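Novice: this is a predicted model, with the sequence first.
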Amino acid sequence: MTKEEALRTYFGYDAFRGGQAAAIDALLSGRDVVAVMPTGAGKSVCYQVPALLLPGITIVVSPLVSLMRDQVTALVQMGVPAAYLNSSLTFRQYLLALERARAGRYKIIYVAPERLETEGFRSFAETADISLVAVDEAHCISQWGQDFRPSYLNISAFVNSLPKRPPVGAFTATATPDVRGDILKLLELKDPLSVTTGFDRENLYFEVQQPSSKRAALLELVRSRPGKCGIVYCATRRTVEEVCGFLQEEGIAATRYHAGLEAEERLKNQEDFLYDRAVVMVATNAFGMGIDKSDVRYVIHYNMPKDMESYYQEAGRAGRDDAPSSCILLYSGQDVRTAQFLIEHSEPREELDAVTAARLRERDRERLRQMEGYCRTRRCLRQYILQYFGEFAPDYCGTCYNCLHNFEEVDISREAKLIVRCVSESGQCFGAGVIAETLCGAVTDKVRKYHMDRESTYGALRELTQAEVRERIHCLLEEGVLEASSGPYPVLRLTEKAEDVVYGAAPLLMRTDREDRPAVRLVPTELKGEDAELFRRLRVLRAKAARFQGIPAYMVFSDKTLREMAVRRPATMAQLRAVSGVGSAKAERYGRQFLEEIQSF
């Protein structure tokens with residue numbers, strides 16, 4: 001069987017996505033691979049296809065129980081013999097799984113990183129025919145990553161202890177250059193093929209709102225998407241409880257997830273969401289890694305995350321089936337203060353020395369500034385994200401709020417000169433808040449304490465609000481005229497470009513809101529007429545099939561596959577197999593009932 005035949009037979013796809021074929025060929029040839037692919041780009045296919053073609057067993061190191069369970073369930077649905085070994089198994093179940101693995105019953109075995117260190121698993125690995133080791137969520141190995149797991153540091157020792165070293169594949173969705181360097185070094189990858197497919201998810205619409213009432217904005221967003229599945233991320237457990245209760249009071253089928261709940265309730269709530277008994281999941285960042293629910297149509301961040309890595313990973317859980325989906329962030333200044341508090345008061349990791357801990361905290365502060373910049377920028381949101389991850393991107397995507405919004409450009413040259421002058425005369429010792437208060441002529445404790453009312457620029461911009469002055473300060477930060485110092489209380493400093501503002505003749509333009517014209521909001525395309533009705537009926541049939549099998553509906557067929565069925569209306573099994581996402585095992589298991597539904601329609 002070729003890799004193309006495996007893709008068609010098991011996964012139901014006719015062609016590989018970008019980067020997949022190269023990664024698969026490298027692993028099949030015995031070469032190590034490091035692959036950085038955005039959420040939804042098909043990382044798992046890169047090691048699952050080689051696992052099917054190689055003679056022995058593939059070990060997949062995975063960080064979460066829920067991730068393993070969902071991956072294995074999906075593989076079994078596709079006809080792939082797979083299992084997982086983690087703490088959710090009883091000792092008897094664990095021994096039985098190992099016995100079956102020794103007998104060659106499985107092609108893919110998912111294990112937690114801690115499991116690699118146990119005597120029982122090491123004994124199994126010494127005699128097993130292990131053809132490939134795949135490290136999922138490989139960024140967990142780096143202390144510079146947002147999900148550092150010390151147990152990942154032991155993976156290379158496990159690989160080197162095997163009688164014959166198999167090829168190693170490392171896969172992640174979000175990795176800055178520092179994190180990528182750690183993956184290469186700490187996994188001891190040998191001459192790896194490096195695959196970076198690009199971070200862009202073209203089907204995702206990005207928007208940042210700064211509403212006066214987050215609750216009202218959230219309710220409007222959820223109600224404007226009736227029946228659509230969505231995730232609402234909150235910064236704290238308390239906010240999760242409040243937001244979930246609010247949505248339930250408004251008649252929304254919402255559930256909750258955070259680390260403070262009992263394990264039984266977390267599992268029940270997660271399954272309610274996966275099985276479509278609840279259409280909205282309100283959660284902290286404890287929810288989501290490895291949740292491969294393909295029909296999430298929107299992700300709303302009720303609070304701003306602490307860094308772009310977390311934001312893009314969480315937002316990327318929308319639209320994994322490539323259908324148009326929305327990622328909306330509800331921003332407020334309080335979010336920044338909450339994130340700053342969490343950074344400054346987080347417990348230091350025991351395994352880190354004081355110097356390294358201080359460097360990590362400073363890195364977290366810089367990440368927070370980048371995240372705040374995303375929330376306040378007027379330029380293309382997609383470009384901001386891609387440039388953060390080191391990718392070139394044009395300044396117009398046409399599918400984010402900022403590109404679709406009716407901004408107007410205003411000349412802020414006069415205000416910019418006064419801001420630069422105020423920062424300079426005050427000794428570059430203050431942050432944006434004090435500078436704005438000074439320029440607006442405010443009478444505050446800080447203005448009096450630091451005698452800012454004696455500065456020549458005091459009240460020079462009193463015709464503007466402090467928010468408008470801060471908006472101009474942020475523009476100067478984006479243009480590189482100002483920079484913010486490091487530390488918990490960043491102060492504004494001048495750069496070499498400041499002289500150009502003071503002495504230059506060219507206007508300095510800033511994009512700002514227009515009050516006379518509303519924004520154009522991207523609305524996901526929907527099927528219409530008979531196609532829409534057939535799609536609805538196929539979803540009902542899918543739900544029945546899923547309940548009978550005891551699995552989430554998206555594991556039967558994705559929304560994308562059902563849409564294609566509704567439009568193409570296959571009449572034979574051969575035509576059904578030609579639909580993207582219909583593999584041999586699924587055609588055998590579900591094909592007849594779906595064809596009958598289409599024919600009766």
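Specialist: Cool, got the structure.
Novice: now the helices: where do they sit in the stretch 251-400 of the chain?
Specialist: Ranges of helices in the stretch 251-400 of the chain, per DSSP state H, counting those that start in this stretch, are 263-274, 308-315, 333-344, 354-376, 381-388.
Novice: buried set for stretch 151-162?
Specialist: Of the residues in stretch 151-162, S151, Y152, L153, I155, S156, F158, V159 count as buried by neighbour count, 16 or more other CB atoms under 10 Å. For every residue, glycine as well, the C-beta is placed using N, CA and C.
Novice: show me the contacts for the closest residue to the second one other than its chain neighbours.
Specialist: Using CB to CB, 6 or more residues apart in numbering and skipping the chain neighbours, the partner closest in space to Y152 is I141 (4.0 Å). By CB atoms under 8 Å, 6 or more residues apart in numbering, the contact list for I141 reads V135, F148, R149, Y152, L153, I155, D182, I183, L186, L187.
Novice: so where does the spatially closest residue to R165 that is not a sequence neighbour fall, helix or strand?
Specialist: What sits nearest to R165 in space, not counting adjacent residues and going by CB to CB, 6+ apart, is V159, at 6.1 Å. Assigned by DSSP states H and E, V159 belongs to helix 155-161.
Novice: for that helix, name the packing helices and strands.
Specialist: helix 119-127, strand 130-135 (3 or more CB pairs under 8 Å, 6 or more residues apart in numbering; DSSP states H and E).
Novice: re earlier: among the contacts of I141, which one has the most neighbours?
Specialist: V135 (28 neighbours; other CB atoms under 10 Å).
Novice: my read: that one touches F171, true?
Specialist: Yes. Here V135 lies in contact with F171, judged by CB atoms under 8 Å, at a distance of 6.8 Å.
Novice: and stretch 292-309, how far out from the chain's middle?
Specialist: Relative to the centre of its chain, stretch 292-309 is centred 6 Å away, using CA atoms, centre = their mean, to the nearest Å.
Novice: for it, what is the average pLDDT?
Specialist: Average pLDDT, stretch 292-309: 90.
Novice: cool, stretch 463-478 as well?
Specialist: pLDDT averaged over stretch 463-478 gives 89.
Novice: check stretch 584-599 too.
Specialist: pLDDT averaged over stretch 584-599 gives 91.
Novice: cool, stretch 253-273 as well?
Specialist: 91.
Novice: go on, stretch 376-389?
Specialist: According to the model, stretch 376-389 has a mean pLDDT of 89.
Novice: dump that stretch to CSV, keeping only the CA atoms.
Specialist: Taking Å, rounded to 0.1, in the frame of the first residue of the first chain, the C-alpha atoms of stretch 376-389 are listed here in CSV:
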residue,chain,number,x,y,z
ARG,A,376,-5.1,47.5,20.0
THR,A,377,-3.7,47.4,16.5
ARG,A,378,-5.6,48.9,13.6
ARG,A,379,-3.7,47.0,11.0
CYS,A,380,-4.5,43.6,9.6
LEU,A,381,-5.0,41.1,12.4
ARG,A,382,-3.9,38.2,10.3
GLN,A,383,-0.7,39.9,9.4
TYR,A,384,0.0,40.7,13.1
ILE,A,385,-0.4,37.0,14.0
LEU,A,386,1.7,35.7,11.2
GLN,A,387,4.5,38.2,11.7
TYR,A,388,4.6,37.3,15.4
PHE,A,389,5.4,33.7,14.4
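Novice: farthest residue from the center of this protein?
Specialist: What lies farthest from the middle of the chain is R454; by CA atoms, centre = their mean that is 48.2 Å.
Novice: and it, how far is that from H139?
Specialist: According to CB to CB, to the nearest Å, R454 and H139 sit 51 Å apart.
Novice: now do S88
Specialist: For S88, the distance to H139 - CB to CB - is 24 Å.
Novice: between those two, which one's more packed in?
Specialist: For S88 versus H139, the count of surrounding residues by other CB under 10 Å is larger for H139: 27 against 15.
Novice: any idea what the nearest residue to L132 once chain neighbours are set aside is bridged to?
Specialist: Among residues not flanking L132 along the chain, T58 sits closest, at 4.3 Å (CB to CB, 6+ apart). Assessed by DSSP bridges, T58 has beta-bridge partners I108, L132.
Novice: verify the contact between T58 and I109 for me.
Specialist: Yes. Counting by CB under 8 Å, T58 touches I109, with 7.3 Å between them.
Novice: domains in the chain, by residue range?
Specialist: Residue ranges for each domain of the chain read 3-196, 204-395, 408-512, 529-600, as given by automatic domain parsing.
Novice: who wins for proximity to Y401 among those domains?
Specialist: domain 204-395 (3.6 Å; CB to CB).
Novice: for the closest one, the distance to its chain's centre please.
Specialist: 9 Å.
Novice: how long is that domain from one end to the other?
Specialist: 17 Å (CA to CA, to the nearest Å).
Novice: picking that back up, let's see the helix or strand just after the helix holding V159 as PDB, backbone CA atoms only.
Specialist: Next along the chain after helix 155-161, taking DSSP H and E as the criterion, comes strand 168-172. The C-alpha trace of strand 168-172 is given here as PDB (Å, rounded to 0.1, in the frame of the first residue of the first chain):
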ATOM      1  CA  VAL A 168      11.500  10.400  15.700                       C
ATOM      2  CA  GLY A 169       8.900  12.900  14.600                       C
ATOM      3  CA  ALA A 170       8.200  16.000  16.600                       C
ATOM      4  CA  PHE A 171       4.900  17.900  15.900                       C
ATOM      5  CA  THR A 172       3.500  21.100  17.200                       C
END
